[in-house]
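Q: one predicted model, sequence on top.
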Amino acid sequence: MPQPMDKFVVAAFYKFADLPDYETRRAGLLECAQDAGVLGTVLLAREGVNGTIAGPREGIDTVIAHIRTFPGCECLQWKEAAAGAPPFHRMKVRLKKEIVTMGIADIAPHLSHERYVEPEDWNALIDDPDILVIDTRNDYEVGIGTFEGAVNPQTSSFREFPDWFREYRKTHDVKKVAMFCTGGIRCEKSTAFLRSEGIDDVAHLKGGILKYLETVPETESQWRGECFVFDARVSVGHNLAPGSYDQCYACRRPIDDDDKASPEYRPGISCPHCIGEYSDEKRQGFAERQKQMKLAAARGETHIGVAPPSGPRER
């Protein structure tokens, strides 16, 4: 049952920690969340925990307290938002090899916290002409906004980042690196990876772009454009104000007014970015989903299979 807006809380969090017994922790965490009336998705892996959950204030506090009993998670931090309707329809705790997929074994992202740079110190760091500034996000995210002068690896998934860096290093003298991502999770892992590759002078933006946009005055900001987010807002600007982008619910990429004016745009079915990426059979499935969305909306309901994307992603 939906909670009143002032009591319905959405909490997003991650924590890299050494959890060799993560598999045995699944049942207890799932039971705790269900008993507390909390819905959402939490990923558990040997390297830590990553999740987005929603529920009443007391329920969120109960689940966070439970996760804080895990080794290395005692200081777990999270971001909160209010919601007028539940963004999730069930509670899931999934066991994964990684809480954010890079595909590189034997690195220690839980040690990367020592390489944090506070948002208020970020401008001075990236103004250094000898430092390589890398945007670790995917190309469609970089396409709507990034820091001035940052390198775009042009990856379609975080799994491609290690190969990109190794190729880049063959033709560039890399000595000092500063990295950033949406909320920090990818940077902690990419920092650990670069250190495993022998790059010792590497740092990343604490709290990611979102914390920078929230903390640094717009008059002093070196951010250009908007920041893609993995929830119903799609994008945000300075002070985390809602952005100007919508989303294609076929490919999940951000789309603007020009994209929506294209003849290749069909709501929920295709956009100019994905028009050639799916089969006719897949498009038919998208069309049926869109039809069910409209029917549900006419009944004043939310179609369970098409809630705006949220939950643990490549933040």
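A: Sure thing, it's come through. Numbers count the residues shown, from 1 in each chain.
Q: can you give me how far the helix or strand hosting Met293 is from the chain middle?
A: Secondary structure assigned from DSSP states H and E places Met293 in helix 280-298. Mean-position distance between helix 280-298 and its chain equals 26 Å (C-alpha atoms, centre = their mean, to the nearest Å).
Q: in it, which residues are buried?
A: Applying a neighbour-count criterion of 16 or more other C-beta atoms under 10 Å, the buried positions in helix 280-298 are Arg283, Phe286, Arg289, Gln290, Met293. Quick note: C-beta positions are derived from backbone N, CA and C, even for glycine.
Q: closest to Ala150 out of those residues?
A: Taking C-beta to C-beta as the measure, Ala150 sits nearest to Phe286 out of those, at 33.6 Å.
Q: now the residue nearest to the closest one when sequence neighbours are not counted: how far from Arg159?
A: Using C-beta to C-beta, 6 or more residues apart in numbering and skipping residues adjacent in sequence, the residue nearest Phe286 is Ile269, 4.5 Å away. Ile269 sits 27 Å away from Arg159 when distances are taken as C-beta to C-beta, to the nearest Å.
Q: and what of Met91?
A: When C-beta to C-beta is the yardstick, Met91 and Arg159 sit 27 Å from each other.
Q: repeat for Trp223
A: From Trp223 to Arg159 the distance is 26 Å (C-beta to C-beta).
Q: so which residues of the stretch 151-300 of the chain form strands?
A: Assignment of strands within the stretch 151-300 of the chain using DSSP state E, counting those that start in this stretch yields the ranges 176-180, 201-205, 223-225, 227-228, 235-236, 246-247, 254-255.
Q: okay, and the beta partners of Leu39?
A: Using DSSP bridges, the bridge partners assigned to Leu39 are Ala54.
Q: I'd say it and Ala83 touch.
A: No. Checked against C-beta atoms under 8 Å, the pair Leu39 and Ala83 is beyond contact range at 11.0 Å.
Q: buried ones in stretch 127-135?
A: For stretch 127-135, using 16+ other C-beta under 10 Å, the buried residues are Ile131, Leu132, Val133, Ile134, Asp135.
Q: now secondary structure, distance to Ile99 and pLDDT too, for those residues, in TSV please.
A: Supplementary listing: the buried residues of stretch 127-135 in TSV, determined by DSSP: H, G, I helix; E, B strand; the rest coil; distance: C-beta to C-beta, whole Å; pLDDT from 0 to 100:
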residue	secondary structure	distance to Ile99	pLDDT
Ile131	strand	28	97
Leu132	strand	26	98
Val133	strand	25	98
Ile134	strand	21	98
Asp135	strand	21	98
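Q: out of those, which one sits closest to Lys170?
A: Minimum separation from Lys170 among the buried residues of stretch 127-135 (C-beta to C-beta) is found for Leu132, which lies at 14.1 Å.
Q: residues in contact with the closest one?
A: Leu132 makes contact with Val151, His172, Val174, Lys175, Lys176, Val177, Ala178 under the criterion C-beta atoms under 8 Å, 6 or more residues apart in numbering.
Q: excluding chain neighbours, give the residue nearest to Ala36 in space.
A: Counting by C-beta to C-beta, 6+ apart, the nearest residue to Ala36 once its immediate chain neighbours are dropped is Gly59, at 3.6 Å.
Q: isn't the one you found up against Gln34?
A: No. Taking C-beta under 8 Å as the contact criterion, Gly59 and Gln34 are not neighbours in contact, 9.8 Å apart.
Q: out of the two, which sits in the busier spot?
A: Set side by side, Gly59 and Gln34 show unequal neighbour counts under other C-beta atoms under 10 Å, the larger going to Gly59 at 24 against 15.
Q: how about the secondary structure of that one?
A: helix (DSSP: H, G, I helix; E, B strand; the rest coil).
Q: repeat for Ala12
A: Using three-state DSSP, the structure places Ala12 in strand.
Q: where's it relative to Glu214, distance?
A: As defined by C-beta to C-beta, Ala12 lies at a distance of 14 Å from Glu214.
Q: more neighbours, these two?
A: For the pair Ala12 and Glu214, the greater number of neighbours falls to Ala12 (25 against 14), based on other C-beta under 10 Å.
Q: what's the overlap in contacts for Leu39 and Ala83?
A: Taking C-beta under 8 Å, 6+ apart as the contact definition, Leu39 and Ala83 share the neighbouring residues Ala54.
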